[in-house]
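*Asks:* kindly return the folded structure for what I paste below:
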Amino acid sequence: MKTTNKDKQKDLIDSVLVVTCLSVVLGLAGCQKEGTAEKAGKKIDSAAENVEQKVEQTTEKVGKELEGAKESVADKAEAAGEFIDDSVITTTVKAAILNDPLLNASHIEVTTDKGVVKLSGTVDSEPSISKAIEVAKSQKNVLSVESSLVVNIMTGK
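*Replies:* Residues are numbered from 1 along each chain as shown. Next up, the predicted model:
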């Protein structure tokens, strides 16, 4: 079961309400006992301090949990952004290779990891390898290109 920020806030409010009710009960119990009004006042002050400490501790705990949740969401969003960027780069490089007349008959696989494009497969000539690398490097957001392309001597010129 997922715990949302609203659930955490509700739990915090419930905790504060319980502690406040206990403080009132303790205060009233102190007033009912025989003794001076000063003793009752001290008991109420003590109960109020306890409530304040509990609220501060709970608020601090919820604050830390929210910070942790924010960091987790930010990390996941960053990872998702990298995946989306890599898939866009891969698609762009594939399209550029297919649109190049020298390369459109080649069998080139394209993968991207954190902006690094990896080319594999077969081409029909040495110049096609150079051209594929050049085309891949010229695409937006490509950091570098690694090639394991080979010339297929059966179709090579």
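*Asks:* middle-most residue in the chain, spatially?
*Replies:* The centroid of the chain falls nearest to residue 76 when counting by CA atoms, centre = their mean (2.2 Å).
*Asks:* element containing that one?
*Replies:* Using DSSP states H and E, residue 76 sits in helix 37-99.
*Asks:* just checking, next helix/strand downstream of that helix?
*Replies:* Later in the chain than helix 37-99, the nearest helix or strand by DSSP H and E is strand 107-113.
*Asks:* could you list the domains of the protein?
*Replies:* For the chain, the structural domains run 5-76, 81-151, going by automatic domain parsing.
*Asks:* ok, and the closest non-adjacent residue to residue 55?
*Replies:* Excluding its sequence neighbours, the residue lying closest to residue 55 (CB to CB, 6 or more residues apart in numbering) is residue 16, at 5.6 Å. Backbone N, C-alpha and C define where each C-beta goes, glycine included.
*Asks:* how many residues are close by the one you found?
*Replies:* Residue 16: 15 surrounding residues under other CB atoms under 10 Å.
*Asks:* that one touches residue 56, doesn't it?
*Replies:* No. Assessed by CB atoms under 8 Å, residue 16 is found out of contact with residue 56, at 10.8 Å.
*Asks:* what do these two both touch?
*Replies:* When CB atoms under 8 Å, 6 or more residues apart in numbering defines a contact, no residue borders residue 16 and residue 56 alike.
*Asks:* who touches stretch 10-21?
*Replies:* Outside stretch 10-21, the residues that reach it (CB under 8 Å, 6+ apart) are 50-51, 54-55, 58-59, 62.
*Asks:* now for those residues, which pair is the farthest apart?
*Replies:* 50 and 62 (18.6 Å; CB to CB).
*Asks:* quick check: phi and psi at residue 116.
*Replies:* phi -100, psi 120 (degrees, to the nearest 10).
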